[in-house]
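S.K.: Show me how the following folds:
(chains A and B)
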Amino acid sequence: KQEVTQIPAALSVPEGENLVLNCSFTDSAIYNLQWFRQDPGKGLTSLLLIQSSQREQTSGRLNASLDKSSGRSTLYIAASQPGDSATYLCAPRSNDYKLSFGAGTTVTVRA
Amino acid sequence: GAVVSQHPSWVICKSGTSVKIECRSLDFQATTMFWYRQFPKQSLMLMATSNEGSKATYEQGVEKDKFLINHASLTLSTLTVTSAHPEDSSFYICSATSGGAVRYNEQFFGPGTRLTVL
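M.R.: Numbering: from 1, shown residues only, chains lettered A, B, ... in the order given. Have a look, this model is predicted:
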């Protein structure tokens, strides 16, 4: 059973600082990994999808890396803004085709 | 990205009644849909997976007779919570993916439905 751990559980930074969110997973036999954002009381918004053959994926201020063999992914958010405040979830897709979710990292960006 | 909608966004019902939640993919054909539930301050728990025209596959511990899932078309899946009780109160989120190779495709999520059973 895939276990996903996200560190830190919470993060508070001043506006403009870069964010580093870490995700580790126990089963490295994955097809891909998605990063999501969840605002309070809302559904999930897909941020990035990295296939298992890729090392990195970028979208605007977001950059995600994947080290499949060591079971790690990192999400970098450059020049954070108050609108980036949310919970960020990583979800690897295992060979049973299902996404497994970590508990998330709750980010607060202070103006 | 692709859009998934849910209806209703919130519902309050009395204990013993049944509640139906709809999930629609608005701009793509969803060959596979997933239903999750999320308790406060916790992550998402997969309840079941459904493919269009087929019976849903339920996760261990999820009662199939209590949580009825119908994936009748490529754009619509429904979750019916039968004889709801207060312990069924939760946030239910559907998700969808398109294409034949589910394992490679991006998965898109709906906005969720807050169910409160009195």
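
S.K.: List the buried residues in stretch A:21-31.
M.R.: A:Leu21, A:Cys23, A:Ser24, A:Phe25, A:Ile30, A:Tyr31 (16 or more other Cβ atoms under 10 Å in any protein chain shown). Backbone N, C-alpha and C define where each C-beta goes, glycine included.

S.K.: Likewise for stretch A:71-86?
M.R.: Under 16+ other Cβ under 10 Å, the buried positions of stretch A:71-86 are A:Gly71, A:Arg72, A:Ser73, A:Thr74, A:Leu75, A:Ile77, A:Ser80, A:Asp84, A:Ser85, A:Ala86.

S.K.: Please narrow these to those residing in helices.
M.R.: Applying DSSP state H to the buried residues of stretch A:71-86, no entry is found in helices.

S.K.: Most widely separated two among the residues you listed?
M.R.: Largest separation among the buried residues of stretch A:71-86 by Cβ to Cβ: A:Gly71 and A:Ser85, giving 27.9 Å.

S.K.: Including pLDDT, could the buried residues of stretch A:71-86 go into a markdown table?
M.R.: As requested, those are exported to a markdown table (pLDDT from 0 to 100):
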| residue | pLDDT |
| --- | --- |
| A:Gly71 | 96 |
| A:Arg72 | 97 |
| A:Ser73 | 98 |
| A:Thr74 | 98 |
| A:Leu75 | 97 |
| A:Ile77 | 97 |
| A:Ser80 | 97 |
| A:Asp84 | 98 |
| A:Ser85 | 98 |
| A:Ala86 | 97 |
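
S.K.: Out of those residues, the closest to chain B would be?
M.R.: A:Ala86 (13.7 Å; Cβ to the nearest Cβ).

S.K.: what bridges to the closest one?
M.R.: Per DSSP bridges, the residues bridged to A:Ala86 are A:Val107.

S.K.: before we move on, what about B:Leu68?
M.R.: With DSSP bridges as the rule, B:Leu68 is bridged to B:Thr80.
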